[in-house]
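*Asks:* Fold the following.
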Amino acid sequence: MTYLASRLFGVPLLIHRPKLDVILSVVGQRIGMADVPAMPAMDMAVYQRPAAAAAPEGIAVIPIHGSLVKRSLGMEAASGLTSYGEIAVMLDSALADPQVSGILLDIDSPGGEASGSFELARRVREVSVVKPVWAVANDAAYSAAYAIAASAQRLFVTETGGVGSIGVIALHVDQSVKDANDGYRFTAITAGAHKNDYSPHEPLSDSAKNELQGEVDRLYAIFTEHVAAMRGLDVDAVRATEAGLFFGSNAVSRGLADGLQTLEATLDEFHKFLNARNHPPSQVRGVIRAEAALPNKELSMPDTQDTPQNPVADTIDLAEAEKLVSEARRQVTQSAQAIAEVCLLAGCPERAAEFIAAGKTEADVRRVLIDARATRSEAGDIRSTITVDAGTQNLDRPEASPIVAAVKKLTAQA
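*Replies:* Model prediction:
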């Protein structure tokens, strides 16, 4: 309990304020804050985290429920906490599982500690380079939880759910008056002018307050710039939310979510999306191969000297063939652009030409990148293109890349 209290006071938090008050009402009673109103008792021995939703084959659902902390010291089941480390382990497991094609984040959290939150949020975007990551605010993704949710490639919110609380808060408890009433007087002997800053047994000094405000402001800049980069928003628009909460359609209209949808509906849409990516129509594949083998479409016509013909049938066949070839070319163009975008996001844009020339599909490229990552000894070989210093620049948008532009130009000439 002492450890938990040390993580609540005098440090910046990314948490929805009402939830913080609930936590304080529980913790306060156990650390001598008798004036904090108590919440109704709860038998924590029977507390159970909601079970992960049943998902279609190929989708890993990662539950992000309850208050978020960097380290929980084994208190998850007893207190409703989820640690960033626990979530990272589930992400890495899904990334390494060859049976998993996509990852869905099922989020219902008020946020929590700032420490470790942005590292995990960026990890989500890194994972999405090799496997699609979607998220659902089901029903809450506030503060630190929203930092994580915003990193998903697509974010949905339920009709009654909410997102936001893009802000930072820090609390200091001054119990010096209570100490005096109880007959206590604490004297700190220190070396270093700031060693006793944030002591609960003394009023907060002006210098300590300014220091804490500076750290809150620093984290706020990181938070707002992170959301702006992930969601493709202007940082001023993110700041203009003033850490407010946005529910349902309001969240969508502010650009904080992509649409209204239940968890079940999102799973269904995600499943169809993954199937379309991983299993392109075999007929079109055949036409692509046939077109590559033939120097021109006239060669696909039968020999008029040796073969009796039905002019009507030939006309129909030719028209149908032209439609298929046209569709095949469109598929090739889209595939080439997608491969270039994946290579750009993976930090190896120079490999796009190699994959396209080899006739690889986007799914093939993703598998190659996953295998390459698994064989490397350094975990940082595949890096996110989003950094803390990215500001309002949308570095994760492939249309800004000269590599992608070049591929589009080449495929347009095909």
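
*Asks:* So what's the residue count around the closest residue to Arg154 other than its chain neighbours?
*Replies:* Once its chain neighbours are removed from consideration, Arg154 has its nearest residue in Trp134; the separation is 4.6 Å (CB to CB, 6 or more residues apart in numbering). No exception for glycine: its C-beta is placed from N, CA and C like everyone else's. A count of neighbours around Trp134, defined by other CB atoms under 10 Å, yields 24.

*Asks:* quick one: secondary structure of Trp134?
*Replies:* The assignment at Trp134 comes out as strand when based on DSSP: H, G, I helix; E, B strand; the rest coil.

*Asks:* List the contacts of it.
*Replies:* Neighbour list for Trp134: Gly102, Ile103, Leu104, Leu105, Ala152, Gln153, Arg154, Leu155, Phe156, Thr266, Phe270 [criterion: CB atoms under 8 Å, 6 or more residues apart in numbering].

*Asks:* ok, the first one to Gly248 distance?
*Replies:* It stands for Gly102. Computed as CB to CB, to the nearest Å, the Gly102 to Gly248 distance reads 25 Å.

*Asks:* So which of the contacts of Trp134 sit within strands?
*Replies:* For the contacts of Trp134, membership in strands holds for Gly102, Ile103, Leu104, Leu105, Arg154, Leu155, Phe156, with DSSP state E as the criterion.

*Asks:* just curious, which of those is nearest to Met230?
*Replies:* For Met230, the nearest member of the ones in strands among the contacts of Trp134 is Leu155. The distance, counting by CB to CB, is 9.0 Å.

*Asks:* For the residue lying closest to Cys348 once chain neighbours are set aside, give me the pLDDT.
*Replies:* Computed as CB to CB, 6+ apart, the closest residue to Cys348 that is not its neighbour in sequence is Leu369, at 7.9 Å. Predicted confidence (pLDDT) for Leu369: 81.

*Asks:* Tell me which helix or strand Leu369 sits in.
*Replies:* With elements delineated by DSSP states H and E, Leu369 resides in helix 362-375, which encompasses its position.

*Asks:* residues making contact with that helix?
*Replies:* Contacts of helix 362-375 from elsewhere in the structure, counted by CB under 8 Å, 6+ apart, are 95-96, 98, 129-131, 277-278, 335, 338-339, 342-343, 346, 348, 355, 360, 381-382.

*Asks:* Please pick the buried ones from the residues you listed.
*Replies:* Of all the contacts of helix 362-375 considered here, the ones buried according to neighbour count by 16 or more other CB atoms under 10 Å are 95, 129-131, 277, 335, 338-339, 342-343, 346, 348, 355, 360, 382.

*Asks:* thinking again about what came up before, weed out the non-buried ones from the contacts of Trp134.
*Replies:* For the contacts of Trp134, a neighbour count by 16+ other CB under 10 Å gives the buried set as Gly102, Ile103, Leu104, Leu105, Ala152, Gln153, Arg154, Leu155, Phe156, Thr266, Phe270.

*Asks:* In the stretch 251-400 of the chain, where is pLDDT below threshold?
*Replies:* Scanning the stretch 251-400 of the chain for pLDDT under 70 picks out 280-334, 347, 349-350, 357, 373-400.

*Asks:* how about 50 then?
*Replies:* In the prediction, the stretch 251-400 of the chain carries residues with pLDDT under 50 at positions 283-316, 377-393, 395.

*Asks:* returning to that earlier point: could you check how many residues crowd around the residue nearest to Cys348?
*Replies:* By other CB under 10 Å, 23 other residues sit near Leu369.

*Asks:* and the gap between it and Lys360?
*Replies:* Using CB to CB, which is the criterion applied here, Leu369 is 11 Å from Lys360.

*Asks:* Give me the neighbour count for the closest residue to Leu204 other than its chain neighbours.
*Replies:* Among residues not flanking Leu204 along the chain, His172 sits closest, at 4.8 Å (CB to CB, 6+ apart). Here the neighbour count serves as a burial measure; for His172 (other CB under 10 Å) it reads 17.

*Asks:* Repeat that for Asp234.
*Replies:* 11.

*Asks:* So which residues of the stretch 151-300 of the chain form strands?
*Replies:* With DSSP state E, counting those that start in this stretch as the definition, the stretch 151-300 of the chain shows strands at residue ranges 154-157, 162-164, 245-247, 259-260.

*Asks:* Can you tell me what sits against the shortest one?
*Replies:* Spelled out, that is strand 259-260. Here strand 259-260 makes contact (CB under 8 Å, 6+ apart) with Phe156, Val157, Thr158, Glu159, Gly248, Ser249, Val252.
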